[in-house]
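Undergrad: Generate coordinates for the sequence data below:
(chains A and B)
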Protein chains: 2
Amino acid sequence: MPNVTGILETALYVNDPERSARFYQTVFGFEIIVKSERLIALAVREGQVLLLFKKGASANLPQSPHDGDGQLHLAFAISRGELEHWLTWLPEHGIAIEEDRTWDRGGRSLYFRDPDQHLLEVATPGVWANY
Amino acid sequence: MPNVTGILETALYVNDPERSARFYQTVFGFEIIVKSERLIALAVREGQVLLLFKKGASANLPQSPHDGDGQLHLAFAISRGELEHWLTWLPEHGIAIEEDRTWDRGGRSLYFRDPDQHLLEVATPGVWANY
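TA: Next up, the predicted model:
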């Protein structure tokens, strides 16, 4: 079976990519690596990209069309040592922590929303069997 | 600014999580780490999880509801050496390669669909400034 080395791109479909990009730059520090009318790509880290597609703009591409709707879910890994920082950082930026959950394995997750009400999570190790 | 160490979870919203899980197990070799009526979680690698949510089943959660629709996009990283393997592996499993694209940076991407017509991609290095 051929191998994959990991998740390269995860995508959100947003009303206003510029607004969303400002949010992800300000809150997460992700840098813009590509910007067009149709999408803004942000570097999460080396080898990982968050794609912010303008809703509807990729639905009629001649090749490989795609599109999405709804309040999607996406989680980012954080170290245990960064948790306290996130607990103060989010409210400082006017972002409500919608849920603060401790998992049986000892991990802890904070849930909050981006400008399109997509459900974001930052989670320390101890959530999954493989994290 | 607090740090994130990477993408922990990416999510798809599917009609039949069991059918989708079989697809991702068979085609990618991802193992199931959690299974419920609402979702199946698959390990992509250490510290990375693909979540297959049953469409609609998380829309009315008392905390942190979310849901999605459409043909979402998701990409996995592969090594250059694995590309030939993917080019034979996908058709062998009855999966049409919808697009085969070579990027200016030298990377190459294969696009194909999962059972819900979500747009999947496997990509070698040389696609983005950070990959």
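Undergrad: Which parts of chain A are strands?
TA: All strands of chain A, identified by DSSP state E, fall at A:6-14, A:31-35, A:39-45, A:48-54, A:67-71, A:73-77, A:99-102, A:108-113, A:119-123.
Undergrad: will you turn these into TSV that also has mean pLDDT?
TA: Listed next are the strands of chain A as TSV, based on pLDDT from 0 to 100:
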stretch	mean pLDDT
strand A:6-14	98
strand A:31-35	98
strand A:39-45	98
strand A:48-54	98
strand A:67-71	98
strand A:73-77	98
strand A:99-102	98
strand A:108-113	98
strand A:119-123	98
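Undergrad: Which of these sits closest to A:Glu92?
TA: strand A:108-113 (12.5 Å; C-beta to C-beta). C-betas here are computed from N, CA, C, even on glycine.
Undergrad: Around A:Gly94, how many other residues sit close by?
TA: Applying other C-beta atoms under 10 Å in any protein chain shown, we find 6 other residues in the vicinity of A:Gly94.
Undergrad: Taking strand A:6-14 as reference, get the angle to the lengthiest helix in chain A.
TA: Counting by DSSP state H, the longest helix found in chain A is helix A:17-28. Angle, helix A:17-28 to strand A:6-14, by axes from the mean of the first three to the mean of the last three C-alpha atoms, to 10 degrees: 130 degrees.
Undergrad: Report the buried residues of helix A:17-28.
TA: A:Pro17, A:Ser20, A:Ala21, A:Phe23, A:Tyr24, A:Val27, A:Phe28 (16 or more other C-beta atoms under 10 Å in any protein chain shown).
Undergrad: could I get those as a markdown table with pLDDT?
TA: Converted to a markdown table, the buried residues of helix A:17-28 look like this (pLDDT from 0 to 100):
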| residue | pLDDT |
| --- | --- |
| A:Pro17 | 98 |
| A:Ser20 | 98 |
| A:Ala21 | 98 |
| A:Phe23 | 98 |
| A:Tyr24 | 98 |
| A:Val27 | 98 |
| A:Phe28 | 98 |
